[in-house]
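# A predicted structure for the sequence below; I have some questions about it.
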Amino acid sequence: MALVDFELDGHIAVVTLNRPEARNAINPEVGVRLAHAWQEVKDNDQVRVAVLTGKGSAFCAGADLGQLIPLISGARKPENEWDERVLAEPAITSRGLLRNFDPEKPVIAAINGHAIAGGMEIVQGTDIRVSAPSARFGVQEVKWAIFPAGGSTVRLPAQLPFAKAMELMLTGDLVTAEEALQLGFLNYVTEDPMAKAMEIAGKIAANGPLAVRAIRRSARACLGLPERDGLKLESEISGPIFLTEDAREGPRAFMEKRQPHYHGR
């Protein structure tokens, strides 16, 4: 049984953490397989948007403190091919966490349960987030004297009010889904997060794929830039989109009162 499932539903890639007995904690195999899944999202032209979720009652409990962290710290010797891969390529688990890898397509988190530590950090790397009401969120690494190195000290102060981000990182406390929604960290809280995530994914997949990727790229790249620099970069990214076949098809379909047919060209 693969610990990360990858399925295609039309133009939607569904990536599922499949280690429910361990609350989908990230051991070496999960980290490597996640990195492979994001590479497939990036490279597969059929994929226009991805949805990430978890099996069981938790979304992701973070790094496996009995397997991954001791391996990285040298407290445990490698025992299988996955351990060897992590030691040979230390950045691969960071890619799995979406820390130092961009799939270049929108990623929607369908958060079925608690997203803690590394689980919270994966969510920070996504673009749109839908959660179950029972989910809790937080980065608890400080409680175990380790660093939330999946991007939290960079991303969380940008995605939450600064003071709240600092409180979460320095205390290790958790917040409810409702509080995360009020803070703007989530888009929706619903009893069926997967259904809502797939609904949103379907809308995105129906849009011009080159425009979607360019909008996402521009929004992320311009974040935090001075306005003048951001507008210059936006022009550089947006200009080529107007010259695509899809950009001709969209207005034509509108004038002809029909659904457009986009091909990513």
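Arrived safely.

# pLDDT weak spots in the chain?
By pLDDT under 70, the chain has no low-scoring segment.

# let's go with 90 and repeat that
1-2, 63-80, 82-84, 86-88, 90 (pLDDT under 90).

# Give me the residue at the spatial middle of it.
Centroid-nearest residue in the chain: residue 126, 3.0 Å away (criterion: CA atoms, centre = their mean).

# Excluding chain neighbours, give the residue nearest to residue 100 in space.
residue 94 (4.9 Å; CB to CB, 6 or more residues apart in numbering). (Glycine included, C-beta is placed from N, CA and C.)

# what helix or strand is the one you found on?
helix 92-96 (DSSP states H and E).

# same deal with residue 35?
helix 28-43.

# Contacts for that helix, please.
With contact meaning CB atoms under 8 Å, 6 or more residues apart in numbering, helix 28-43 is reached by 2-4, 6, 13, 15, 17, 19, 24, 26, 47, 50, 64, 67-68, 71, 80, 82-83, 85-86, 92-93, 95-98, 101-105, 107.

# Taking helix 28-43 as reference, get the angle to the helix or strand following that helix.
Where DSSP H and E defines the elements, the next helix or strand beyond helix 28-43 is strand 49-54. Interaxial angle, strand 49-54 versus helix 28-43 (axes from the mean of the first three to the mean of the last three CA atoms, to 10 degrees): 160 degrees.

# What pairs with strand 49-54, parallel or antiparallel?
Applying DSSP bridges to the sheet, strand 49-54 is found paired with strand 12-17 (parallel), strand 107-111 (parallel).

# and the residue nearest to residue 100, how far is that from residue 35?
Residue 94 is 8 Å from residue 35, where distance means CB to CB, to the nearest Å.

# Mutual contacts of those two, please.
Counting by CB under 8 Å, 6+ apart, the shared contacts of residue 94 and residue 35 are residue 101.

# Neighbour count for these two, which is higher?
Between residue 94 and residue 35, counted using other CB atoms under 10 Å, residue 35 has the larger neighbour count: 23 against 17.

# That'll do, ta.
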